[in-house]
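Asks: would you be able to build a 3D model of this:
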Amino acid sequence: MSTTIDFSELTGDYVLDTARTRIGFIARHTMGTKVRGNFGEFEGSAHLDGDEPSKSSAQLTIQAKTIDTRNQQRDDLLGRKFLGVDDHPTITFTLTGAERFDQNNVKITGDLTVRGVTRPVTVDFELTGAKNDPQGALRVGFTGSATINRKDWGVHWRAAPGMVGSKVTLEFDVAAIRQS
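Replies: Numbers count the residues shown, from 1 in each chain. Below you'll find the predicted structure:
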């Protein structure tokens, strides 16, 4: 579902509505199946500049130990061996650039840090809704995804080479509440 709100109307400071936001991923197992998961604890904020998206800023911090694939044994393995949660408890994303490319879509670039390794990532987002809630606060929704190679961030486990594909699709269903 798309909306046709003018991006300039979105200018302001936002916080993630964590109850309505999903930060997830899809990884392909070499047996042909997909493993889907998400993270249960995260926080984020943003300043959106609807007139000049390049002046926007955003930060996201994910608690890596909250990985959830609906299989506790796999979650423990992914957390310890793949993400190294003991030494790297958070995954972070910091916006470095944004560019609107049509009425409802924006391309953002930022630095993604996983296991202490920082690399740039570009995510295409679609504005899916914007509406005032009963208290008068503007709520916005965006959905987006990006495919990365997990090995670029040192996310691997030598004991099981080839068991999990190297490409991981990151999924973002974001709900944010304007604060000002």
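Asks: quick check, residue 5 in contact with residue 138.
Replies: No - between residue 5 and residue 138 there is no contact under Cβ atoms under 8 Å: 9.7 Å. In short, each C-beta sits where N, CA and C put it, glycine included.
Asks: give me the common contacts of the two.
Replies: Residues touching both residue 5 and residue 138 (Cβ atoms under 8 Å, 6 or more residues apart in numbering): residue 130.
Asks: please enumerate the strands of the protein.
Replies: Using DSSP state E, the strands of the chain run over 12-16, 22-29, 34-39, 42-48, 57-63, 67-68, 90-102, 105-114, 117-132, 138-149, 164-178.
Asks: could you dump these into JSON lines and include mean neighbour count?
Replies: Output for the strands of the chain, formatted as JSON lines (neighbours: other Cβ atoms under 10 Å):
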{"stretch": "strand 12-16", "mean neighbour count": "17"}
{"stretch": "strand 22-29", "mean neighbour count": "17"}
{"stretch": "strand 34-39", "mean neighbour count": "16"}
{"stretch": "strand 42-48", "mean neighbour count": "18"}
{"stretch": "strand 57-63", "mean neighbour count": "18"}
{"stretch": "strand 67-68", "mean neighbour count": "19"}
{"stretch": "strand 90-102", "mean neighbour count": "16"}
{"stretch": "strand 105-114", "mean neighbour count": "18"}
{"stretch": "strand 117-132", "mean neighbour count": "15"}
{"stretch": "strand 138-149", "mean neighbour count": "17"}
{"stretch": "strand 164-178", "mean neighbour count": "18"}
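Asks: those: which one's closest to residue 74?
Replies: Among these, the nearest to residue 74 by Cβ to Cβ is strand 34-39 (7.4 Å).
Asks: sorry, back to before: nearest to residue 156, of the strands of the chain?
Replies: The minimum distance between residue 156 and those falls on strand 164-178, with 8.2 Å, by Cβ to Cβ.
Asks: other SSEs contacting the closest one?
Replies: For strand 164-178, the packing partners by 3 or more Cβ pairs under 8 Å, 6 or more residues apart in numbering; DSSP states H and E come out as strand 12-16, strand 22-29, strand 117-132, strand 138-149.
Asks: may I see those arranged in a markdown table, with mean pLDDT and distance to residue 169 as well?
Replies: Formatted as a markdown table, the helices and strands packed on strand 164-178 follow (pLDDT from 0 to 100; distance: least, Cβ to Cβ, whole Å):
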| stretch | mean pLDDT | distance to residue 169 |
| --- | --- | --- |
| strand 12-16 | 97 | 20 |
| strand 22-29 | 92 | 4 |
| strand 117-132 | 96 | 11 |
| strand 138-149 | 96 | 5 |
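Asks: got the ones you listed as a markdown table, with distance to residue 155 columns?
Replies: Below are those laid out as a markdown table (distance: least, Cβ to Cβ, whole Å):
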| stretch | distance to residue 155 |
| --- | --- |
| strand 12-16 | 24 |
| strand 22-29 | 10 |
| strand 117-132 | 9 |
| strand 138-149 | 9 |
